[in-house]
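Trainee: Here's my sequence, what's the structure:
(2 chains)
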2 protein chains.
Amino acid sequence: MKEIKVGLLGLGTVGTGVVRIVEGHHEELYGQVGSPIVIEKILVQDRAKSRSIAISADKLTEDPWDVINHPDIDVIVEVMGGVEQTKTYILAALEQGKHIVTANKDLMAVHGSEILAKAKENGCDVLYEASVAGGIPIIRTLSEGFSSDRITKIMGIVNGTTNYILTKMSQEGAAYEDVLKEAQDLGYAEADPTSDVEGLDAARKMTILSTLGFHANVSLEDVEVKGISQVTKEEILYGKRLGYEVKLLGIAERQDDFISVSVQPTMVKQSHPLASVNGVFNAVYVYGEAVGETMFYGPGAGELPTATSVVADLVAVVKNLKLGVNGQRVPAPYKVKKLKTDEQIASKYFVLLHVADKAGVLAQITQVFAQFEVSLESVLQQPNPNNPSAEIIIITHDASKAYMNQVLKHFQGMEVIDEIKSVYRVEG
Amino acid sequence: MKEIKVGLLGLGTVGTGVVRIVEGHHEELYGQVGSPIVIEKILVQDRAKSRSIAISADKLTEDPWDVINHPDIDVIVEVMGGVEQTKTYILAALEQGKHIVTANKDLMAVHGSEILAKAKENGCDVLYEASVAGGIPIIRTLSEGFSSDRITKIMGIVNGTTNYILTKMSQEGAAYEDVLKEAQDLGYAEADPTSDVEGLDAARKMTILSTLGFHANVSLEDVEVKGISQVTKEEILYGKRLGYEVKLLGIAERQDDFISVSVQPTMVKQSHPLASVNGVFNAVYVYGEAVGETMFYGPGAGELPTATSVVADLVAVVKNLKLGVNGQRVPAPYKVKKLKTDEQIASKYFVLLHVADKAGVLAQITQVFAQFEVSLESVLQQPNPNNPSAEIIIITHDASKAYMNQVLKHFQGMEVIDEIKSVYRVEG
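Mentor: Have a look, this model is predicted:
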């Protein structure tokens, strides 16, 4: 049967994995699509560089247009990363009727709707399973597995670096800076870790997941983001004592047609399935009105896990090619995006305060919560081991974000409160 | 746009859920397929019976052929259960070019390959996501999400009744009979619980999963089955002390082209993600050569979770209808099935023996293991609280099933061994 020719943009970690799987799982792939899949041309930065896999030199090029304009190539696999320049390549390839498989979350989070529109216009597939949670087929699950349901909540541990750091801090009582340093030495964190630790990477993934899950065009600007760089080992310890683990959660919620999407360190009840997702693993928890609670767990990154998703997309494109139905299943958001206001966003909160250790303080504080109609689930007061003030830990019942902000603003003006030490959202 | 007309065979729990979702999620469904989906005719046992949902009486029929032969119906959703009679209906419907969505694991486990072949012959879709693990889209995950990978192991908690019973026994130290009785009172277990507790239900599901995961026609007879009716609270207690939970696991393994499939109560290490799947929840753990460890967790049964999967399949059929590509994605096993021999099946084992409490016994016992080249991971000897014999608990390293059987046979002839109390496979 006719070979299917593939062009590869990028031969880094994931690109190398794609080559390995396409060659190593040749029999499986042939069994599924009935044609040999051949990688015809590969864009690299330096043709002369030595590599861990054997590739004939004439397949390598340093000119992207050798791949994009190649007349025999049907599918382009983009694993080079980058946003603006890469977008130019992808749009050009789509205009030539080439199908795209990409692992690029930045690109899809920022320009996803433009790219998908161009794909539709040209009858092309654009698949991007690997862009979120590496080896977990969550894009398929949201767009097909739960196609009949009304998804109301998606919570994801979608960044392995931060989950590794928080897991280590929790298990070893270590400080953030020490664990970050260790993660950098082990290659789990970048030299400049900002995108991971400040939650930006997770925010991009949540943009993609919430767009798919809620059928509305969520953009990166809609995601409220807070990272983990301010999380202390003391906060983690207090959480554990009360039965919570601190996790960097992406949380996307829908109520009627109003949605909210955020990324923030969150106190997750230990009995919740997300609480035991440790190390560099990822997991996405999906709540559907009909299906109820589900969770999908697996590796979030890595050469072969991510390449598995890329090649699974490639298989889907090739199946569509043979049926002549490419570009027909592009998910198109059919709902108008309406964001929740702070009045509509509700959750439990964990609040740690340092207060003056004298009579009547707790009464004053609980009075403020009452004034803004925030009811309390539990209150713990104890002496502060480090100074003469006292510590108060409060876990609220569901409260609107607007009211909680009022409470916190009020606290800032109160003389008996030395410091608002921590405020966390609580889930589970 | 033209309505898509659906015929429903059965209006029990799942059938009712299907009606609820098709009506209640009308907007979501229309948004995805671009046509209204209408349930046109429903086969029921008794038209006069009162129901929890409002359905106009002229849609109900007691004659299956009113549904199967209905000229306007494109898709038949089979949620009536049963095997032989149901197969006749399904084959007849396929011959008329009607597409099938079924939740019937018994039917698919026993006659799956015949039905899929007939579907292919007639250009029809047969989708059966709901037949395994109710609300978890595991069929899609295996056939599409991991299409590029070589799956080497599938372990599933795929029966909610037995997982509920084992969870209760573990958490409350209760006896099997008491928990079974309670589960029956709560409606989690049938009056005749044989199919669940003896592992037959799980075996059917593993037949379906291993056929898909390994691309070979696994049949029910290939699955070695042991249920939970002999599991005692003492064994669960010993397991916990050593860091294990007893779970009824379906285990499908592949090495090179040789496969084995079994269902059995298994000691699962507490750190393994399957160990914390509790109550009526299901989970399927999939190990792929490239992707590594993944797990999919969710409700295994219930009106709406199961109906979610049924209607997701219905959406897929309707999308195919609009593209004119039904019957083109039927997964066809392309490998010849080769079953592992007992020599090729390897795992760790947990063995609990009651032995004479005298000098040299342990030496004699470990000698037998050594003779058959089974090496030991840990050995615990303690007095038996209930009688003058001693208890020995042994956990082996990986050992072939053939050698373990030799060891156990040898034990039966040894005077110092009063009883081989328990033998469990160990995972995690």
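Trainee: What's the separation between residue A:330 and residue B:182?
Mentor: 50 Å (CB to CB, to the nearest Å). (Glycine included, C-beta is placed from N, CA and C.)
Trainee: I meant to write residue A:63 there.
Mentor: 70 Å.
Trainee: out of those two, which sits in the busier spot?
Mentor: Just comparing residue A:63 and residue B:182: by other CB atoms under 10 Å in any protein chain shown the higher neighbour count belongs to residue B:182, 16 against 10.
Trainee: Show me what the host helix or strand of the more buried one is packed up against.
Mentor: If you go by DSSP states H and E, residue B:182 is part of helix B:176-186. Packing contacts for helix B:176-186, counted by 3 or more CB pairs under 8 Å, 6 or more residues apart in numbering or on different chains; DSSP states H and E, involve helix B:160-172.
Trainee: Mean pLDDT per helix and strand in chain A: which one sits at the bottom?
Mentor: Taking mean pLDDT, DSSP states H and E as the measure, the helix or strand of chain A with the lowest value is helix A:26-33, at a mean of 88.
Trainee: got the contact list for it?
Mentor: By CB atoms under 8 Å, 6 or more residues apart in numbering or on different chains, the list of residues contacting helix A:26-33 from outside reads A:4, A:22, A:36-37, A:311, A:315, A:318-319, A:322, B:147-150, B:215, B:334-335.
Trainee: From these, pick the one nearest residue A:225.
Mentor: residue A:311 (31.4 Å; CB to CB).
Trainee: what helix or strand is the residue lying closest to the closest one once chain neighbours are set aside on?
Mentor: Spatial nearest neighbour of residue A:311, excluding adjacent residues (CB to CB, 6 or more residues apart in numbering or on different chains): residue B:148 at 3.3 Å. For residue B:148, there is no enclosing helix or strand under DSSP H and E.
Trainee: Could you count how many residues lie near residue B:148?
Mentor: 27.
Trainee: again, but for residue A:65
Mentor: Counted with other CB under 10 Å, residue A:65 comes out at 11.
Trainee: do you know how far it is from residue B:165?
Mentor: Taken as CB to CB, the span from residue A:65 to residue B:165 is 63 Å.
Trainee: Next: residue A:116.
Mentor: Taking CB to CB, one finds residue A:116 at 47 Å from residue B:165.
Trainee: When these two are compared, which one has more neighbours?
Mentor: The neighbour count for residue A:116 versus residue B:165, taken as other CB under 10 Å, is higher for residue B:165 (28 against 23).
Trainee: That one contacts residue B:228, doesn't it?
Mentor: Yes. Here residue B:165 reaches residue B:228: they are 6.6 Å apart, a contact under CB atoms under 8 Å.
Trainee: Now residue A:195: closest residue in space, sequence neighbours ignored.
Mentor: Excluding the flanking residues, the one nearest residue A:195 by CB to CB, 6+ apart is residue A:201, at 4.9 Å.
Trainee: Return the residues in contact with that neighbour.
Mentor: Contacts of residue A:201 by CB under 8 Å, 6+ apart are A:105, A:158, A:159, A:161, A:195.
Trainee: What is the most widely separated pair among those?
Mentor: Across the contacts of residue A:201, the longest distance by CB to CB is 13.8 Å; it joins A:105 and A:161.
Trainee: Can you pull out the low-pLDDT segments for chain A?
Mentor: Applying pLDDT under 70 to chain A flags the ranges A:1.
Trainee: A strand includes the residue nearest to residue A:195, no?
Mentor: No. Checked against DSSP: H, G, I helix; E, B strand; the rest coil, residue A:201 lies outside a strand; its state is helix.
Trainee: Could you report the distance from it to residue A:159?
Mentor: Residue A:201 is 5 Å from residue A:159, by CB to CB.
Trainee: cool, and residue A:99?
Mentor: From residue A:99 to residue A:159 the distance is 29 Å (CB to CB).
Trainee: Likewise for residue A:329?
Mentor: Between residue A:329 and residue A:159 the computed distance is 28 Å (CB to CB).
Trainee: Equivalent analysis for residue A:56, please.
Mentor: Counting by CB to CB - residue A:56 and residue A:159 are separated by 37 Å.
Trainee: now residue A:384, nearest residue through space, not along the chain?
Mentor: Residue A:384 sits nearest to residue A:391 (CB to CB, 6+ apart), 4.8 Å away.
Trainee: So what sits opposite the one you found in the bridge?
Mentor: Beta-bridge partners of residue A:391, counted by DSSP bridges, are residue A:354, residue A:382.
Trainee: which residues touch it?
Mentor: Residue A:391 neighbours (CB under 8 Å, 6+ apart): A:352, A:353, A:354, A:355, A:381, A:382, A:383, A:384, A:421.
Trainee: Many thanks, we can stop here.
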